[in-house]
Each structure stands twice: as C-alpha cells, then as structure tokens.
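Engineer: What follows is a predicted structure for the sequence shown.
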Amino acid sequence: MTANDNAPLTTTSDHLLPFIESLPDAVVIVDQNHKIMLANALAGRMFGFAVDDLKGSDLSTIIPMPLRNAHRKHVNGYFEKPVLRPMGEEKRFSGVRSNGQEVPVDIMINIIVLDGAKVAMALVRDVTYQRELEARLTLESLTDEMTGFYNRKHFKTQLNAQLSGYVRWGLPTSVIMFDFDHFKKINDQYGHAAGDLVLTTIAKMVRQELRPLDVGCRIGGEEFAIILPNANLEDAETLAERIRKLIEQKEFKLDEVSFRATATMGVATFLPTDTSYDSLMRRADNVLYVGKAAGRNRTVTQNALQSTDFTG
C-alpha cells in the first residue's frame with residue numbers, strides 16, 4: 001500500500017484483503033459502476049450472503065428497494081466529489097439482508113485506488129442496538145411510566161403539529177380532556193394503591209378504544225387527554241361518552257375491597273380563530289371545568305361555552 005497527502009491510497013486486492021479481514025467492521029468496496037469489487041467476511045455475515053456471491057454483484061443488492069435510486073445518485077455524487085465521511089455524523093442509513101430484513105448501519109467512506117481503478121471503500125457498522133437504545137430512551141422521555149401514555153410534553157408537541165395540519169389543509173383535530181371525579185377521596189379511603197389501580201386500568205381500557213393515529217396522554221396526576229386527528233367535534237363527543245360510560249361501569253377490586261370511579265369529559269375541536277394549540281387546550285380545559293361545576297360524571301363539548309370568558 002502507498003499513499004501521500006494528495007492522492008488516495010493505492011493498493012491491490014491481494015494486499016488489501018488480509019487487512020479488511022482484520023477489521024472489526026464490515027467492509028464493502030464498490031467501483032464507479034456500483035459493482036462490489038471486494039467484501040470481507042463480516043460484510044457477508046451482516047447481509048446474509050456468501051462473500052463470493054457479494055463480489056461482482058450490484059451494490060443495490062444490499063440497499064433497501066425504496067432507497068436504491070437515491071443511494072445510486074449519492075454514490076455517483078461521491079465519486080465526482082469525494083469527501084471523507086467519518087462515522088457518527090447522525091445521518092441515518094440502512095442496508096438490507098438477503099432475507100429482506102433491513103438493518104440500520106453507520107458508514108465511513110473513502111476513495112482508494114484498487115488494482116489501478118478508483119473505488120469507494122465503505123466501513124459498515126451494524127447500529128441496531130444503538131438505534132433501539134435511542135428509540136427506547138426517547139420513548140421513555142415522552143411517556144408516563146405508570147400508564148404508558150404519552151406525557152404532557154409530547155401532548156403539546158403533537159397538538160401543535162395537528163394545528164399546522166388544520167391551518168394548511170383544514171384537517172379537523174379534536175381533543176378529549178378528562179379527569180377522575182373525587183380522585184383524592186379514592187386515595188384517602190382505599191389508599192394510593194387503589195388510585196394507581198384506577199389510573200392503570202383505565203389507561204389500558206382507553207387504549208383499546210383508540211385508533212392507531214390517536215394520541216393518549218397523561219397530562220397531570222389524574223388528568224388525561226386524547227388527541228383525535230381527522231375527527232370532528234361530534235365524533236370526539238361520541239368517543240368521550242363511550243369512554244365515560246366504560247369508566248362508570250367498571251368495578252375495581254383491591255384485596256377484599258370493591259369500588260367504582262367516574263370521570264368528567266371535556267371535548268373541543270380546532271376553530272378558525274385558533275392561532276395556537278394553547279387556545280384549544282384552554283377551551284378543552286374550560287369545558288372540563290363546566291362539566292365539573294354541573295355535577296361531574298358527564299361529557300361536555302365546547303358548544304356549552306356561552307361566556308366569552310371560556311372561549312380560550
């Protein structure tokens with residue numbers, strides 16, 4: 001192998017192969033026609049191919065189908081203007097195994113001259129564990145540990161995103177806010193374990209009533225909110241009333257004690273006058289207050305707001 005400050009590394013396949021076999025990462029070397037010229041055993045194991053089958057095949061063999069055209073353009077661009085790309089640049093790459101399973105990878109690329117031809121040598125690292133860890137840590141930071149629902153931070157983020165859809169395309173989004181009536185009394189009379197039982201049981205029950213696109217959140221101690229994309233006020237009211245009745249009918253048992261709980265539901269939807277997600281949040285919260293003042297254990301919508309003091 002020879003190199004200087006102004007020229008890429010120059011070597012031969014016979015000299016390079018022992019070196020890449022000693023590396024802790026998979027190595028795939030590709031020519032300007034996207035043909036795999038050389039690969040080490042780790043690359044074969046990573047992508048589920050015999051090394052001899054990889055050699056001579058098109059690079060697209062290990063690229064997910066939806067990414068192949070874009071990846072081909074990136075490779076062509078890299079050969080035209082090569083820049084050393086180290087690992088850990090927070091870009092997301094994926095390969096595909098012989099069985100069709102995608103594998104998240106990080107890649108370091110450099111240009112070398114192999115057997116007299118300019119090629120791109122890529123060190124490929126499987127980052128499945130790191131991606132799963134990142135996803136788990138992100139999820140944990142956005143969810144309530146007890147109920148598994150999203151937290152208040154995520155609620156605000158998602159509601160703000162829904163406002164953008166409403167402003168741009170007029171897509172309706174509604175919110176149900178509810179909390180449990182006399183929840184402190186449940187804790188005082190039956191203990192905090194009883195209160196926890198109510199929260200976890202109802203969270204599980206509510207989750208079964210939601211569509212995949214709905215977002216269930218615990219935004220306070222016993223206060224919950226549900227974001228309903230593409231749902232108008234009437235649809236949201238129907239769901240809220242169904243959940244309210246399920247809660248009312250549920251009998252909780254803790255040790256030798258049986259007890260029940262009820263909840264009050266406040267339902268609101270985006271209006272043309274809303275300039276921020278806060279307006280919808282305040283309106284739903286005000287509706288919830290109206291329901292509490294009217295006797296609790298009921299579903300109330302923003303149509304019940306008569307005073308401008310409650311419009312949000």
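Structural biologist: Here it is on my side, so go on. Residues are numbered from 1 along each chain as shown.
Engineer: From S98, how far off is the residue nearest to A50 when sequence neighbours are not counted?
Structural biologist: Taking C-beta to C-beta, 6 or more residues apart in numbering as the measure, A50 lies nearest to G44, with 6.0 Å between them; neighbours along the chain are not counted. Where you see a C-beta, it was placed from the backbone N, CA and C, and this is true even at glycine. From G44 over to S98 the distance is 10 Å, taken as C-beta to C-beta, to the nearest Å.
Engineer: The two: who's more crowded?
Structural biologist: The neighbour comparison of G44 against S98 (other C-beta atoms under 10 Å) goes to G44, with 19 against 14.
Engineer: what's the pLDDT at the more buried one?
Structural biologist: At G44 the predicted local confidence, pLDDT, stands at 95.
Engineer: cool, G165 as well?
Structural biologist: We note a pLDDT of 89 for G165 in this prediction.
Engineer: is it true that it lies in a strand?
Structural biologist: No - secondary structure of G165, determined by DSSP: H, G, I helix; E, B strand; the rest coil: helix, with no strand assignment.
Engineer: Burial check on it, number of neighbours?
Structural biologist: Applying other C-beta under 10 Å, I find that G165 has 15 neighbouring residues.
Engineer: any idea what sits nearest it, other than its immediate chain neighbours?
Structural biologist: Using C-beta to C-beta, 6+ apart and skipping residues adjacent in sequence, the residue nearest G165 is L171, 4.4 Å away.
Engineer: The one you found contacts L163, doesn't it?
Structural biologist: No - the pair L171 and L163 does not pass the contact test of C-beta atoms under 8 Å, sitting 10.1 Å apart.
Engineer: which one of these two has more residues nearby?
Structural biologist: Looking at L171 and L163 with other C-beta under 10 Å, you find the greater number of neighbours at L163, namely 19 against 14.
Engineer: State the distance from that one to D196.
Structural biologist: 33 Å.
Engineer: and what of E256?
Structural biologist: Distance from E256 to D196, counting by C-beta to C-beta: 18 Å.
Engineer: Can you pick out the residue with more neighbours from these two?
Structural biologist: In terms of neighbours (other C-beta under 10 Å), D196 is the more surrounded of E256 and D196; the figures are 14 against 5.
Engineer: Quick check: phi and psi on that one?
Structural biologist: Here is the backbone geometry of D196 (degrees, to the nearest 10): phi -60, psi -40.
Engineer: what's near enough to touch it?
Structural biologist: Taking C-beta atoms under 8 Å, 6 or more residues apart in numbering as the criterion, D196 is in contact with M146.
Engineer: Please apply the same query to A263.
Structural biologist: For A263, the residues meeting the contact criterion (C-beta under 8 Å, 6+ apart) are 178-181, 202, 243-244, 247-248, 297.
Engineer: Show the pLDDT at it.
Structural biologist: On pLDDT, A263 comes in at 98.
Engineer: Then N187?
Structural biologist: Confidence at N187, expressed as pLDDT, is 94.
Engineer: same deal with M87?
Structural biologist: Model confidence at M87, expressed as pLDDT, equals 68.
Engineer: do the same with R92
Structural biologist: With respect to pLDDT, R92 scores 79.
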